[in-house]
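**Student:** one predicted model, sequence on top.
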Amino acid sequence: MNTNNPWKRLADAASRNNTGTETPAEMPFGFDTRVLAQLRPQRQLTAELLGRLALNAIPVAAAVLVACWFTARPDAPAKLAAPDPVALADEVFAEEAGEQ
Amino acid sequence: MRRRTQQETGGDAAHPHLHELLVRDSCRRLKFLQRRPELRWADLTESQADALTATLAASDTPAPDATHAHELAVKLLDLLGPEDRLVVTMLDLEGWSVAEVRKATGWREGAIRIRAFRARRKLRKEILKLEKQR
């Protein structure tokens, strides 16, 4: 910068005022909140991504579980099974014997 | 500004994003300040006028008083936009180097130099305009 620049001369004089006489700086209102708001997403980006995927997987997993349970539930009714012909014949004979 | 960044970032360069956040915050705050469209000789206090007279005097005369010079410099900086004001304050009033300003702001060195050059040129014009009104 040119030495005969009046701004340079003024700035040199003004900068002497900065050494030691300035009051201690204070943290502006809300600054720490903004810092934390911007730091948190940077740090937990991976964890947050996994968390979102896990949350999306919960309803899908529940639907699969319900479908599997309806398909192969252990206490299914016996009438769905094929009837035993010998047992049917015994029932018929027993009914006829009872009528006679 | 330097003291503020040192206090709030621990004084090291380990958190450049904090510096940039602080610079953005400072610019945002400066934008809220009313930008003075023009400065006239009548707007200066007597001590500021004396400081300006001493500034405009020959270089072998005593330098202006530091406190009044600082007040006058702040009044002149009110004429600048937030980014220009920030750069000139850091470089000329607080003694930062261009590399330090680049690290703190994240701006390119060329952009910082150009911004500082234009801001100083504007300040010089304003000072000379004030001299004519004297």
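**Tutor:** Noted; the coordinates are in hand.
**Student:** buried sites along stretch B:116-126?
**Tutor:** Along stretch B:116-126, these residues count as buried under the neighbour rule (16 or more other C-beta atoms under 10 Å in any protein chain shown): B:116, B:119, B:120, B:122, B:123, B:124, B:126. (Glycine included, C-beta is placed from N, CA and C.)
**Student:** what lies in contact with it?
**Tutor:** By C-beta atoms under 8 Å, 6 or more residues apart in numbering or on different chains, the residues outside stretch B:116-126 that reach it are A:1, A:5-8, B:39, B:76-77, B:79-80, B:84-85, B:87-88, B:91-92.
**Student:** pLDDT on that stretch, on average?
**Tutor:** The average pLDDT within stretch B:116-126 is 91.
**Student:** got the CA positions of it in CSV?
**Tutor:** C-alpha atoms of stretch B:116-126 as CSV (Å, rounded to 0.1, in the frame of the first residue of the first chain):
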residue,chain,number,x,y,z
ALA,B,116,-8.9,-4.9,0.4
PHE,B,117,-7.5,-2.8,-2.5
ARG,B,118,-11.0,-1.6,-3.5
ALA,B,119,-12.0,-0.9,0.0
ARG,B,120,-8.8,1.1,0.7
ARG,B,121,-9.3,3.1,-2.5
LYS,B,122,-12.8,3.9,-1.5
LEU,B,123,-11.7,5.0,2.0
ARG,B,124,-8.9,7.1,0.5
LYS,B,125,-11.5,8.8,-1.8
GLU,B,126,-13.8,9.5,1.2
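**Student:** now do the buried residues in stretch B:47-55.
**Tutor:** Buried, per 16+ other C-beta under 10 Å, within stretch B:47-55: B:48, B:49, B:50, B:51, B:52, B:54, B:55.
**Student:** can you list the residues of chain B near chain A?
**Tutor:** B:3-4, B:7-8, B:17-18, B:21-22, B:25, B:29, B:51-52, B:54-56, B:59, B:63-67, B:69-70, B:72-73, B:76, B:88, B:92-95, B:120, B:123-124, B:127-128, B:131 (C-beta under 8 Å from any C-beta of the partner chain).
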